[in-house]
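Enquirer: compute the structure for the input listed below.
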Amino acid sequence: MTRALVGIGALLVLCFTILGLTIYLTRTEDRIAVDNLLAEDLSRAIGTAQADNDGRVELTRVADFPWSEVLLVQAGTPREAISAELGYEWKGDVNFGVVPVLIFLGADGQVERFADYRGEGVFRGFETPFDRIGRSESTLEVRNLVITRAT
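Expert: The predicted structure follows:
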């Protein structure tokens, strides 16, 4: 009786292991997650810009990884519109409609990382619902929590 139970237990373990490996090896990544550290750094830099940096935020310092442009997506923009703007399906996983999103794109137009803006500031003077900000013009200005392009 003990041998039968051990044998059945071993068979169950083997079946679950095979099932787990099958799921793991055949999975596809459906969504990309927001870069929480980047989102926090960006929100902090904007929130403290007026006191710390004469109101200027250099995105190249906050986002110190390779990227060529930022797609600023205004709050409330539907996922389908973002996909159309990018030219491929947007798989970013964030609570859209609540906050603006900054999608950092590489030279090939693919998403490098993205961040949601978590502060109280308001983006003004940008095209809506999308605006593209090149790396060479990626300094923002913050005055009284109004975020604009630096002049």
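Enquirer: how far is the lengthiest helix in the chain from where the chain is centred?
Expert: Across the chain, the longest stretch assigned as helix under DSSP state H is helix 2-25. In terms of Cα atoms, centre = their mean, to the nearest Å, the centre of helix 2-25 is found 39 Å from the chain centre.
Enquirer: CA atoms only: put that helix into CSV for me.
Expert: Output in CSV follows, covering the C-alpha atoms of helix 2-25 (Å, rounded to 0.1, in the frame of the first residue of the first chain):
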residue,chain,number,x,y,z
THR,A,2,2.8,2.4,0.9
ARG,A,3,4.6,1.7,-2.4
ALA,A,4,1.4,2.5,-4.4
LEU,A,5,1.0,5.8,-2.6
VAL,A,6,4.6,6.8,-3.1
GLY,A,7,4.3,5.8,-6.8
ILE,A,8,1.2,7.9,-7.3
GLY,A,9,2.8,10.8,-5.4
ALA,A,10,5.9,10.6,-7.6
LEU,A,11,3.7,10.4,-10.8
LEU,A,12,1.8,13.5,-9.7
VAL,A,13,5.0,15.4,-9.0
LEU,A,14,6.3,14.4,-12.5
CYS,A,15,3.0,15.5,-14.1
PHE,A,16,3.1,18.9,-12.4
THR,A,17,6.7,19.4,-13.3
ILE,A,18,6.0,18.6,-16.9
LEU,A,19,3.0,20.9,-16.9
GLY,A,20,4.9,23.7,-15.3
LEU,A,21,7.8,23.4,-17.7
THR,A,22,5.5,23.4,-20.7
ILE,A,23,3.8,26.6,-19.5
TYR,A,24,7.1,28.3,-18.7
LEU,A,25,8.8,27.4,-21.9
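Enquirer: wait, what's in contact with residue 41?
Expert: residue 62 (Cβ atoms under 8 Å, 6 or more residues apart in numbering). Just so you know, the C-beta spots here come from the backbone N, C-alpha and C atoms, and that holds for glycine as well.
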